[in-house]
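In: no sequence for this one, just the structure:
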């Protein structure tokens, strides 16, 4: 017979053998503790399931933000997925410019009526500015309890809880994610903060990929523009028309509000605005810039490139005709050929827009190099045309001199001689007048041939 309980030294069961539950492990555990243990197990299971759900949400968000290479699409998805991941009522992404200020603000959760009531987007002050100045996560149960909170503008919906996390791209802060009002109630948790930081890391990779893709496309566009210049010239297009098209292309590729081509003007030390593209810039076309009287002119003569975040306040660009456009950032890239200044390409943006980057200056300078070759080619074309006209003038003058002019002068001489043999004063006067007339016609033909004008086009430099 199998013994259920432990045996004593005699092989017999010890005390309590009559209790059928004596060998069960929980006989001494109170039922209350057992219930608590079961509750803990259930809670842990629910936590595990919730964690699995949130991890699945993070994976879904990771796939969503990395599924596209268009930067505007990526940024919008980052906002959407961040809001869904932590269950926030409102979400926003503030993109920072090179000067550390907000240049773009994407948001979700507000209806159109609230957006219209608020008016202008935030400028990165108060609590938003705190995250810009010190890019580390901020988690608050209540915005109103934080001294950095500066209040809401009129029409802004009420908000309570807050979670902000920076997004770093290439070790630089690209922007910040802002989440408010956890829909499940209460404030955001430490888990919410960790999830949002993980999403920010994924977003940084997706944003960098989109930026690299945009940069590659941008370089291809600049290269295509340079290639098009050579193609147009080889196809026989007029250099002046090629340069005019190049200025329009320059404005589009550089995302500028205005672009212009400056070329050396007739007369020493002057540049002419030959082509101007953009609102309020047409009025500066054909205006002149004296090189010695302005820093910009001296920069052009020296072949120096200039990049400025505020063209009107920058002494290096004094003298540049800007018209009525409220210019902020500007670039000036010289056109040179064979070491000689051939003018410059200039682009500008309205005040308040993003300053040009170093890559922009390099691209404009590269295109200016091609434009300089076009200007040099145009000058060669003009000189060839002038030489052809001079040759034609010499040939025509020689032909006229040896034939028409000689014959006219001979007839005039004959008429003068004939007038000497005529006795009638009236007839003699008429013959002399006709002889004089023929002489004037002959000399006028010769002068017209030698007075052929040199062909000019201000756009060819």
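Out: Everything's here; your move. It should be emphasised that the depicted structure is a prediction, and the values quoted were computed from it without experimental measurement.
In: Next up, the contacts around residue 435.
Out: Applying C-beta atoms under 8 Å, 6 or more residues apart in numbering to residue 435 gives the contacts 411-413, 415-416, 419. For every residue, glycine as well, the C-beta is placed using N, CA and C.
In: so it sits in a helix?
Out: Yes. Membership of residue 435 in a helix is supported by DSSP: H, G, I helix; E, B strand; the rest coil.
In: Just the buried residues from the contacts of residue 435, in PyMOL please.
Out: Buried subset of the contacts of residue 435, written as a PyMOL selection, criterion 16 or more other C-beta atoms under 10 Å:
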select buried, resi 412+415+416+419
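In: helix/strand/coil for residue 300?
Out: Once three-state DSSP is applied, residue 300 turns out helix.
In: roughly how far apart are it and residue 261?
Out: Computed with C-beta to C-beta, to the nearest Å, the distance linking residue 300 and residue 261 is 12 Å.
In: How about residue 364?
Out: For residue 364, the distance to residue 261 (C-beta to C-beta) stands at 12 Å.
In: ok, now residue 188?
Out: 55 Å.
In: and residue 166, what are its bridge partners?
Out: For residue 166, the beta-bridge assignment (DSSP bridges) gives partners residue 176.
In: Give the full set of residues in contact with it.
Out: 131, 135-137, 173, 175-177, 200.
In: try residue 101
Out: 123-124, 132.
In: now residue 78
Out: 65, 93, 167, 177, 199, 203, 206-207.
In: hmm, back to that, what do residue 300 and residue 261 both touch?
Out: With C-beta under 8 Å, 6+ apart as the test, residue 300 and residue 261 both reach 343-344.
In: Now rank the contacts of residue 101 by neighbours and give me the top one.
Out: Highest neighbour count within the contacts of residue 101, by other C-beta atoms under 10 Å: residue 124, with 21 neighbours.
In: Am I right that that residue is in contact with residue 103?
Out: No. Contact criterion C-beta atoms under 8 Å: residue 124 and residue 103 do not qualify, at 9.5 Å.
In: who touches both of those two?
Out: Common neighbours of residue 124 and residue 103 are listed as residue 96 (criterion: C-beta under 8 Å, 6+ apart).
In: can you give me the strands for this protein?
Out: 88-96, 102-108, 138-140, 162-169, 172-182, 258-264, 270-278, 288-290, 306-308, 327-337, 340-350 (DSSP state E).
In: weakest of those in terms of mean pLDDT?
Out: The minimum mean pLDDT among those belongs to strand 288-290 (a mean of 77).
In: Name every strand pairing with that one and say which way it goes.
Out: When DSSP bridges is applied, strand 288-290 pairs with strand 270-278 (antiparallel).
In: Return the set of buried residues in the partner strand.
Out: Buried, per 16+ other C-beta under 10 Å, within strand 270-278: 271-278.
In: Let me have these in CSV, extended by distance to residue 243.
Out: Shown next, in CSV, are those (distance: C-beta to C-beta, whole Å):
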residue, distance to residue 243
271, 14
272, 13
273, 12
274, 7
275, 6
276, 12
277, 11
278, 16
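In: and which of the residues you listed is nearest residue 432?
Out: Ranked by distance to residue 432 (C-beta to C-beta), these are led by residue 272 at 52.1 Å.
In: How about the contacts made by the closest one?
Out: Shown in contact with residue 272 (C-beta under 8 Å, 6+ apart): 262-265, 286-289, 458.
In: so which of the residues you listed is the most crowded?
Out: residue 262 leads the contacts of residue 272 on contacts (other C-beta under 10 Å) with 29 neighbours.
In: Would you check how far apart it and residue 344 are?
Out: Distance from residue 262 to residue 344, by C-beta to C-beta: 5 Å.
In: Next: residue 192.
Out: In terms of C-beta to C-beta, residue 192 sits 54 Å off from residue 344.
In: how about low-confidence regions in the stretch 51-200 of the chain?
Out: Within the stretch 51-200 of the chain, the stretches with pLDDT under 70 are 51-54.
In: Of residue 188 and residue 261, give the one with the bigger neighbour count.
Out: residue 261 (27 against 24).
In: quick one: residue 166 and residue 209, what's the gap?
Out: 19 Å.
In: ok, now residue 395?
Out: Relative to residue 209, and taking C-beta to C-beta, residue 395 is found at 66 Å.
In: Compare the two (neighbour count), which wins?
Out: It is residue 209, of residue 395 and residue 209, that has more neighbours when counted by other C-beta under 10 Å, with 15 against 11.
In: so what's the closest residue to the more buried one other than its chain neighbours up against?
Out: Once flanking residues are discounted, residue 209 sits nearest to residue 69: 6.4 Å by C-beta to C-beta, 6 or more residues apart in numbering. Going by C-beta under 8 Å, 6+ apart, residue 69 touches 209-210, 213.
In: Now with 10 Å, please.
Out: Shown in contact with residue 69 (C-beta atoms under 10 Å, 6 or more residues apart in numbering): 206, 209-214, 216-217.
In: anything in contact with each of residue 262 and residue 344?
Out: Here residue 262 and residue 344 have 271, 289, 296-297, 300, 320, 332, 334-335 as joint contacts, going by C-beta under 10 Å, 6+ apart.
In: roughly how far apart are the nearest residue to residue 197 once chain neighbours are set aside and residue 316?
Out: In space, and not counting its chain neighbours, residue 197 is closest to residue 165: 5.5 Å by C-beta to C-beta, 6+ apart. Remark: distance between residue 165 and residue 316 (C-beta to C-beta) = 40 Å.
In: Just want to know which of these two has more residues nearby.
Out: Neighbours were counted for residue 165 and for residue 316 using other C-beta under 10 Å; residue 165 has more, 26 against 18.
In: so the more buried one makes contact with residue 92?
Out: No. Assessed by C-beta atoms under 10 Å, residue 165 is found out of contact with residue 92, at 11.7 Å.
In: Same list (the strands of the chain) but as TSV, adding distance to residue 246.
Out: Converted to TSV, these look like this (distance: least, C-beta to C-beta, whole Å):
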stretch	distance to residue 246
strand 88-96	31
strand 102-108	29
strand 138-140	49
strand 162-169	33
strand 172-182	33
strand 258-264	8
strand 270-278	9
strand 288-290	20
strand 306-308	20
strand 327-337	11
strand 340-350	8
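In: which stretch among those strands comes nearest residue 357?
Out: Among the strands of the chain, the nearest to residue 357 by C-beta to C-beta is strand 306-308 (9.0 Å).
In: list the buried ones in the closest one?
Out: Buried residues in strand 306-308 (16+ other C-beta under 10 Å): 306-308.
In: of all these, which comes closest to residue 351?
Out: Residue 351 has its nearest neighbour among those in residue 308, at 11.8 Å by C-beta to C-beta.
In: can you give me the helices for the protein?
Out: Here the chain has its helices, by DSSP state H, at 31-65, 71-86, 112-118, 126-133, 190-234, 239-253, 295-302, 358-399, 405-421, 425-450.
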